[in-house]
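Any chance you can model this:
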Amino acid sequence: MAVDILEMLVEILKINQNYVAEYAAQGVLYQLFYLLFFPTIFIVIFVWILSHAIIGEHKGLRLLLAVGVYAFIVLQGLYNWFVMLSKFWLFGLMFLGFIYFISYRGGRGGGGGGGAHGKTLGGGKGMMERITNRLQYQLSGQEKEKIELLKDHLNRLRSMPPETHAYGEMYFDTERELAELGKVVRDTDITGIGTTKFGGGDYQKLYKEFLNLHKPKKVA
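Next up is the predicted model:
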């Protein structure tokens, strides 16, 4: 009975017969664990991390995504990759745990140092979600517009007398604009690519230029 069920599952999951034969000599128990149990553990944890990063805490959508991803893996014959990994299930779990830590737990806390410029945007979000938000911010042109606006503000501030009321208003407007851009930039800095692949270098340069300006008294 168990053998019949195993054969049916092997056919449904499109498991390569080479893997079936490899564990056949060790008995049905080995086949159940290495062909079904361990690969399923990998897929479940992988989908759980993926759904948490993309959808967050919405259980219904996470379940829908999980079913869709699992079905896609089976129908496309990708299940065999997870069967192959089942030989190294312990190392695989350690690797997935590391990915989970980097993509979610590693970004939970608020940033340190420096008031508004030291905070992170959405500290509890998964890293994939935060990087996606950053890309959307860039592709929509908002980041480029913000950078050009800040460059214009800085140029105008350099040409204005620091003691004037207009200088004070523009100074603090610029500070607020920089804080908004800084939150988005720092949202991906935990990956180590915030100042390279995502244009964070522009923000750093503008922020340094801003620090060199004279700081007026707070405008009422």
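
Is it correct that Leu178 is in contact with Lys208?
No - counting by Cβ atoms under 8 Å, Leu178 does not reach Lys208; the two are 10.8 Å apart. To be clear about C-beta, it is placed using only N, CA and C from the backbone, and glycine gets the same treatment.

who has more neighbours, those two?
Neighbours per residue (other Cβ atoms under 10 Å) separate Leu178 from Lys208, with Leu178 holding more: 22 against 9.

tell me which residues in whichever strand or helix holds that one are buried?
Using DSSP states H and E, the element containing Leu178 is helix 165-186. Residues of helix 165-186 classed as buried: 167-168, 170-171, 174-175, 177-178, 181-186 (neighbour count, 16 or more other Cβ atoms under 10 Å).

quick one, domains of this structure?
Taking automatic domain parsing as the domain assignment, the record places the domains of the chain at 2-103, 115-211.

before we move on, back to that, closest one of the buried residues of helix 165-186 to Lys217?
Gly168 (7.0 Å; Cβ to Cβ).

before we move on, the earlier item: out of the domains of the chain, flag the one nearest Lys217.
When the domains of the chain are compared (using Cβ to Cβ), the closest one is domain 115-211, at 7.0 Å.

Let me know the average pLDDT across the closest one.
The pLDDT scores in domain 115-211 average 72.

Also stretch 25-33?
Stretch 25-33 shows a mean pLDDT of 81.

Downstream of the helix holding Leu178, the next helix or strand is which one?
Immediately after helix 165-186, counting by DSSP H and E, sits helix 200-211.

Just read off the phi/psi values of Ser78.
Heads up, residue 78 is Leu, not Ser. Dihedral pair for Leu78: phi -80, psi -10, per degrees, to the nearest 10.

That one and Ala21, how far apart?
Leu78 sits 20 Å away from Ala21 when distances are taken as Cβ to Cβ, to the nearest Å.

do Lys217 as well
Lys217 sits 81 Å away from Ala21 when distances are taken as Cβ to Cβ.

Looking at those two, which is more packed in?
Counting neighbours by other Cβ under 10 Å for Lys217 and for Ala21 shows that Ala21 has the greater number, 10 against 7.

mind checking how far the one helix or strand the more buried one maps to is from the chain centre?
Under DSSP H and E, the secondary-structure element containing Ala21 is helix 17-24. The chain centroid and the centroid of helix 17-24 are separated by 37 Å, computed with Cα atoms, centre = their mean, to the nearest Å.

From the contact counts, what lies against that helix?
Of the remaining helices and strands, those touching helix 17-24 by 3 or more Cβ pairs under 8 Å, 6 or more residues apart in numbering; DSSP states H and E are helix 28-32, helix 79-85.

Give me whichever of the ones you listed is most buried.
When you average the neighbours per residue for each of the helices and strands packed on helix 17-24 (mean count of other Cβ atoms under 10 Å), helix 79-85 leads with a mean of 18.

Kindly export that one (C-alpha atoms) in PDB.
Coordinates of each C-alpha in helix 79-85 appear next as PDB, following Å, rounded to 0.1, in the frame of the first residue of the first chain:
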ATOM      1  CA  TYR A  79      10.800  19.600  -7.800                       C
ATOM      2  CA  ASN A  80      13.900  17.500  -8.800                       C
ATOM      3  CA  TRP A  81      16.100  20.400  -7.700                       C
ATOM      4  CA  PHE A  82      14.700  20.100  -4.200                       C
ATOM      5  CA  VAL A  83      15.100  16.300  -4.300                       C
ATOM      6  CA  MET A  84      18.800  16.800  -5.100                       C
ATOM      7  CA  LEU A  85      19.100  19.200  -2.200                       C
END
